[in-house]
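> fold the following, please.
(2 chains)
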Amino acid sequence: SQKIEQNSEALNIQEGKTATLTCNYTNYSPAYLQWYRQDPGRGPVFLLLIRENEKEKRKERLKVTFDTTLKQSLFHITASQPADSATYLCALAYSGGGADGLTFGKGTHLIIQP
Amino acid sequence: DVKVTQSSRYLVKRTGEKVFLECVQDMDHENMFWYRQDPGLGLRLIYFSYDVKMKEKGDIPEGYSVSREKKERFSLILESASTNQTSMYLCASSPGLAGTYEQYFGPGTRLTVT
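Okay, here's the model as predicted:
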């Protein structure tokens, strides 16, 4: 069956370091991959979208990679700050999208310690 | 800024009651979605709609129905609330196909069924 795996354990990173979060998937051939941030008690907020033919995407301190051979996406936050502490969700969509094409991972809780 | 609003942040209902959760978006988006989010299970799609009066089942539609009479409004209905429907309910909208466009989420409704 199709599966999306994100670190279920919380990730503790010291302020100023680079935080790297992993999203692995099996039995999927996604055409698009998205990352969201979710704060406690709030809805997810979109961060970045990357297509299968793109290796890397950047936005300010954020960088996403998408390796369709390894079936993995890495999400990096450089120069991390305590305000980056949140749960980060990856989401996959099939080729052609479709309204039903987005499936979410369970998220990784990131804690940036001052 | 896109705004997605949900009718209640917190709701407490009794078993067997009919429950209506309302969602409104102000950006003329075609697609709207209802998810529920539970600890350890992540975001799961209940229903989605890609046009007025159109609806499609998601991964867990049992016990729920939806209504989309106007483009900006998408309602989730629990026909007869049960305790296993206690959850955080999140509405989202998207301007196009789910994979190729980001989803904008509302703040969520935390529903408790007693």
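
> okay, and the beta partners of the nearest residue to A:P44 once chain neighbours are set aside?
The spatially closest residue to A:P44, leaving aside those adjacent along the chain, is A:Y36, at 3.8 Å (CB to CB, 6 or more residues apart in numbering or on different chains). Every residue, glycine included, has its C-beta placed from N, CA and C. Listed by DSSP bridges, the beta-bridge partners for A:Y36 are A:F46, A:L89.

> can you report how many residues lie near A:Y36?
23 (other CB atoms under 10 Å in any protein chain shown).

> again with A:F104
22.

> for B:Q6, which non-adjacent residue is closest in space?
B:G106 (4.2 Å).

> quick check: the one you found touching B:E22?
No. If you go by CB atoms under 8 Å, B:G106 and B:E22 don't touch, sitting 9.9 Å apart.

> how about the residues of chain B by chain A?
B:4, B:31, B:33, B:35, B:40-43, B:45, B:48-50, B:56, B:58, B:90, B:92, B:94, B:96-108, B:110 (CB under 8 Å from any CB of the partner chain).

> pick out the residue of chain B closest to chain A.
With CB to the nearest CB, the shortest gap between chain B and chain A falls at B:G99, namely 2.4 Å.

> now that residue, what's its secondary structure?
Look at B:G99: counting by DSSP: H, G, I helix; E, B strand; the rest coil, its state is coil.

> helix or strand: which one has residue 22?
Going with chain A. strand A:19-26 (DSSP states H and E).

> wait, chain B was what I had in mind.
B:E22 belongs to strand B:19-25, assigned by DSSP H and E.

> relative to the whole chain's centre, how far out is that strand?
Strand B:19-25 has its C-alpha centroid displaced from the chain centroid by 7 Å (CA atoms, centre = their mean, to the nearest Å).

> give the other helices and strands that it contacts.
For strand B:19-25, the packing partners by 3 or more CB pairs under 8 Å, 6 or more residues apart in numbering or on different chains; DSSP states H and E come out as strand B:4-6, strand B:10-13, strand B:31-38, strand B:73-78, strand B:87-94, strand B:109-113.

> what comes into contact with the fourth one?
When you say that, I think you mean strand B:73-78. B:13, B:17-25, B:32-34, B:46-47, B:49, B:63-68, B:85, B:89, B:91, B:93, B:111 (CB atoms under 8 Å, 6 or more residues apart in numbering or on different chains).

> got it, and the fifth one?
Here strand B:87-94 makes contact (CB under 8 Å, 6+ apart) with A:43-44, A:99, B:2, B:4, B:6, B:21, B:23, B:25, B:27, B:29-38, B:43, B:74, B:76, B:101-106, B:108-111.

> out of everything not next to it in sequence, what's closest to the residue of chain A found nearest chain B?
Closest approach between chain A and chain B, counting by CB to the nearest CB: A:A93, at 2.4 Å. Once flanking residues are discounted, A:A93 sits nearest to B:G99: 2.4 Å by CB to CB, 6+ apart.
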